[in-house]
Every structure is written in structure tokens, then in C-alpha cells.
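Student: I would like to see how this sequence folds:
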Amino acid sequence: MLTGVLADVYKRLEKKRRLWARWTLVRQAEDLNTLRLDYREVVERTENAIKFLSDMFYARAYRLAASRIGVPDYRNLVNTKLSDARDLYESLVNEFHQSRAFFLEVMVVIILLIEIGFLFRGKG
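Tutor: Okay, the predicted model is just below:
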């Protein structure tokens, strides 16, 4: 699931975007971050459930079975993807903030030009 979401976000980033399309990046970034946090919560709950196994035999059997099926490898893979998702989220949010700051700077310049126009028009 995480692989599909990351592939979809990368595909959307590769498309040529209009100026206003950057404003939709926040929604995509929030969806990505929500998924990332959901994964973290599932992992935390699973690890907490395993910690509370009272019988040492079952805990040892779980560790042995987990190592045989490759759970640590999958965990490393998911952690890498979660790290990529975090970096991608930060990148999308930074890009949004940069486009918003550019928009605000343009608005300030337009307001200043209007004010200068009224200043010269009033004296003329």
C-alpha cells in the first residue's frame, strides 16, 4: 500500500504543473503524512501487544517464527519507505510554502505599484 502511494505521488510530481497546481500539493502531502502516521501507529500497537506476551515460550516462538519468515527484513523495508515518505512530505510542504511566499511577494509589489500610481496621479 505504501509503495503504491509513494509511486502515485512521484508520478504526480513528474507531471508538468501549473502555478496554481502547487496549492494542491498540501492536500497530497497531508494524505501522505496521514498514511505514514497510521503505519507508525500500527507498528507501535503490534510491538506493544508482543511485549505483553506473558509466556516466555510464546514470545520466543514468535521471535523465531518472525526471523524465519523475514519480518525484520520487511520492517527495514517499511522503515525505509516511511523515511522516504517523511522526506517527500517535508519537500511538498516546503514547495507549498515557497509558492505561497512568492504569491504574497507578488501581491505586495502590486499593492506598492497601485499606491505609487495613486501618489503620482494625486499630485498631477
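Student: from the chain's centre, how far out does the helix or strand hosting Thr80 sit?
Tutor: Thr80 belongs to helix 71-123 when elements are defined using DSSP states H and E. How far helix 71-123 lies from its chain's middle: 14 Å, per Cα atoms, centre = their mean, to the nearest Å.
Student: Arg40 contacts Leu82, doesn't it?
Tutor: Yes. At 7.1 Å, Arg40 counts as touching Leu82 under the criterion of Cβ atoms under 8 Å. Just so you know, the C-beta spots here come from the backbone N, C-alpha and C atoms, and that holds for glycine as well.
Student: So if I had to pick from these two, which one is more boxed in?
Tutor: Each of Arg40 and Leu82 has its neighbours counted (other Cβ atoms under 10 Å); Leu82 has more, 18 against 13.
Student: centroid residue for the protein?
Tutor: Centroid-nearest residue in the chain, with Cα atoms, centre = their mean: Tyr89, separated by 2.4 Å.
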